[in-house]
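**Student:** Got a predicted structure here, sequence first:
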2 protein chains.
Amino acid sequence: MAKSEEQFKMIRDQRYEEISHAALKVFARKGYAATKISDITSTANISHGLFYHYFQSKKHMYVSLILNILQLFIETVEEAENRKGTSRDQLAWLTDITFSGSLEQAIDRHLLVMEALKSEFLSEEEKQEFIEKYKISMEGIARIIKNGQKEGLFIEGDPMELAIYYLSYSQGLTLWNARGVHPIKVSTETVMRQFCTD
Amino acid sequence: MAKSEEQFKMIRDQRYEEISHAALKVFARKGYAATKISDITSTANISHGLFYHYFQSKKHMYVSLILNILQLFIETVEEAENRKGTSRDQLAWLTDITFSGSLEQAIDRHLLVMEALKSEFLSEEEKQEFIEKYKISMEGIARIIKNGQKEGLFIEGDPMELAIYYLSYSQGLTLWNARGVHPIKVSTETVMRQFCTD
DNA sequence: GTCTATAGTTCGATAGAC
DNA sequence: GTCTATCGAACTATAGAC
């Protein structure tokens, strides 16, 4: 019995991931309201009813997707903070990571979080939970900047505010590439010059 | 008869503006798909049917809204180019304008254009028309930067690419304030330092 | 020009068979 | 665990009265 229970769990976990992955893609492209359950199920190649075997509702799945994304971002910032090298190296690494790898996935995640934060179909309590998580990443970036200022590597100014400038710049560039207007290869050095003294 | 025709036209134009204004607000907040015609009509305080007296369909109204926004942006960039003073002054003026006045309306317009460009409910032809208009503004900004480079006021680099960095930065900051996370008062000088040599 | 009523359609969610 | 069939609510768009 133990064996088949384990197997069931593996199937369940795998399906959960498959459905989540499909949902991220579809939600980011079409937005919450325009996304039909059937869009998700057809992308994940499952039946309509099976979706409701894994998720309570469209909204419940959406919220858990966002929370997972924010958690991932927190961990990435932590990884940057724990890296060897100067604060400048740490911020450059974070910037590199943002614009290397799957830009497409980065775009999807940004779009999703952005929509979630300004949405009207989520309660204030739900959004507040997102904001709390978001702030944890912001504070990590602010710490990197503060350290860099002590070392004389970064320009002066309130660290939290500079973190916001950094995030806005980085996300603005990410979103730019989400449009079809004129995609560019982002240069980490160009972004860094905004914040560095050299 | 001439008099009443004129009056009809005045009523029609006013209503058209009212409905457009209401629609901008609602579309930006809820997105295209989530926006119900009844949201627009209740915001504009008109009946459901009257909407269809002024607009062919939800989609037709959406497209004309976007085109009007892009046209406005083109004219603002032109105004910046035609201003007296250095190229630096011109770009600073454009930045000022973006972050002064009704930030709320600026946010709404950005959100709308962004959604339109990545949307899947518009044909490629429709989106191409948006992109063409968008590029006209980009080229205006690139011209300002190119002139500034000649005067030694701006950093080196491909003007069009720098225009994209500028737009991404500016729009990233605008969108930042659309979220409830941690709004800031944007400083034009902080933005300008990214592009200026001083 | 404006409104109400409603036809026609879509989609989230559930029930029940395998 | 998975699928098909179906219900019921909500929404776009139109028709017709005033």
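**Tutor:** Here it is on my side, so go on.

**Student:** Just to be sure, A:Q194 is in a helix?
**Tutor:** No: counting by DSSP: H, G, I helix; E, B strand; the rest coil, A:Q194 falls outside a helix, being coil.

**Student:** how does chain A divide into domains?
**Tutor:** Chain A breaks down into these domains under automatic domain parsing: A:1-55, A:57-198.

**Student:** right, and those - which one's nearest chain B?
**Tutor:** Closest to chain B of these is domain A:57-198 (Cβ to the nearest Cβ; 2.3 Å). Yep, even glycine has a C-beta here, placed from its N, CA and C like the rest.

**Student:** wait, does that closest one contact DNA strand D?
**Tutor:** No: Domain A:57-198 is not in contact with DNA strand D by Cβ under 7 Å from any atom of the strand; minimum separation 10.5 Å.

**Student:** Any part of that domain near chain B?
**Tutor:** Yes: using Cβ under 8 Å from any Cβ of the partner chain, domain A:57-198 comes into contact with chain B via A:111, A:114-115, A:117-118, A:120-121, A:127, A:131, A:134-135, A:138, A:155, A:157, A:160-161, A:164-165, A:167-173, A:175-176, A:178-182, A:184, A:190, A:193-194.

**Student:** residue ranges for the strands of chain A, please.
**Tutor:** In chain A, no segments count as strands under DSSP state E.

**Student:** for chain A, which spans come out with low pLDDT?
**Tutor:** Across chain A, the ranges flagged by pLDDT under 70 are A:1-4.

**Student:** Rebuild the domains of chain A as a markdown table, extending it with distance to DNA strand C and mean neighbour count.
**Tutor:** Below are the domains of chain A laid out as a markdown table (distance: least, Cβ to the nearest atom of the strand, whole Å; neighbours: other Cβ atoms under 10 Å in any protein chain shown):
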| stretch | distance to DNA strand C | mean neighbour count |
| --- | --- | --- |
| domain A:1-55 | 3 | 15 |
| domain A:57-198 | 4 | 17 |
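
**Student:** Between these, which one is closest to B:Q56.
**Tutor:** domain A:1-55 (20.6 Å; Cβ to Cβ).

**Student:** Whether that closest one contacts DNA strand D - can you check?
**Tutor:** Yes: between domain A:1-55 and DNA strand D, judged by Cβ under 7 Å from any atom of the strand, the touching residues are A:8, A:11-12, A:15, A:46-50, A:53.

**Student:** what's the angle between the lengthiest helix in chain A and helix B:2-34?
**Tutor:** Of all the segments of type helix in chain A, defined by DSSP state H, the longest one is helix A:2-34. Per axes from the mean of the first three to the mean of the last three Cα atoms, to 10 degrees, the angle that helix A:2-34 makes with helix B:2-34 is 170 degrees.

**Student:** Can you tell me how far the closest residue to A:V77 other than its chain neighbours is from A:T76?
**Tutor:** Distances taken as Cβ to Cβ, 6 or more residues apart in numbering or on different chains put A:G140 closest to A:V77, at 3.8 Å, once the chain neighbours are dropped. For A:G140, the distance to A:T76 (Cβ to Cβ, to the nearest Å) stands at 9 Å.

**Student:** One more: A:I184?
**Tutor:** Counting by Cβ to Cβ - A:I184 and A:T76 are separated by 23 Å.

**Student:** Out of the domains of chain A, which is closest to B:Y32?
**Tutor:** Taking those one by one with Cβ to Cβ, domain A:1-55 is closest: 7.3 Å.

**Student:** so how far is the closest one from its chain's centroid?
**Tutor:** Computed by Cα atoms, centre = their mean, to the nearest Å, the chain-centroid distance of domain A:1-55 equals 20 Å.

**Student:** is it up against chain B anywhere?
**Tutor:** Yes: against chain B, domain A:1-55 shows contacts by Cβ under 8 Å from any Cβ at A:29-34.

**Student:** Please identify the one among those residues that lies nearest to A:K84.
**Tutor:** Nearest to A:K84 among these, with distances taken as Cβ to Cβ, is A:R29, at 38.4 Å.

**Student:** right, and that closest one touches B:K118 too?
**Tutor:** Yes: assessed by Cβ atoms under 8 Å, A:R29 is found in contact with B:K118 at 7.4 Å.

**Student:** any shared contact partners between the two?
**Tutor:** Residues touching both A:R29 and B:K118 (Cβ atoms under 8 Å, 6 or more residues apart in numbering or on different chains): there are none.

**Student:** What segments of chain A are helices?
**Tutor:** According to DSSP H, the helices that chain A contains are A:2-34, A:37-43, A:48-54, A:58-81, A:87-99, A:103-118, A:124-150, A:159-176, A:188-192.

**Student:** And those helices: which comes nearest B:I19?
**Tutor:** B:I19 lies closest to helix A:2-34 among these, at 21.1 Å (Cβ to Cβ).
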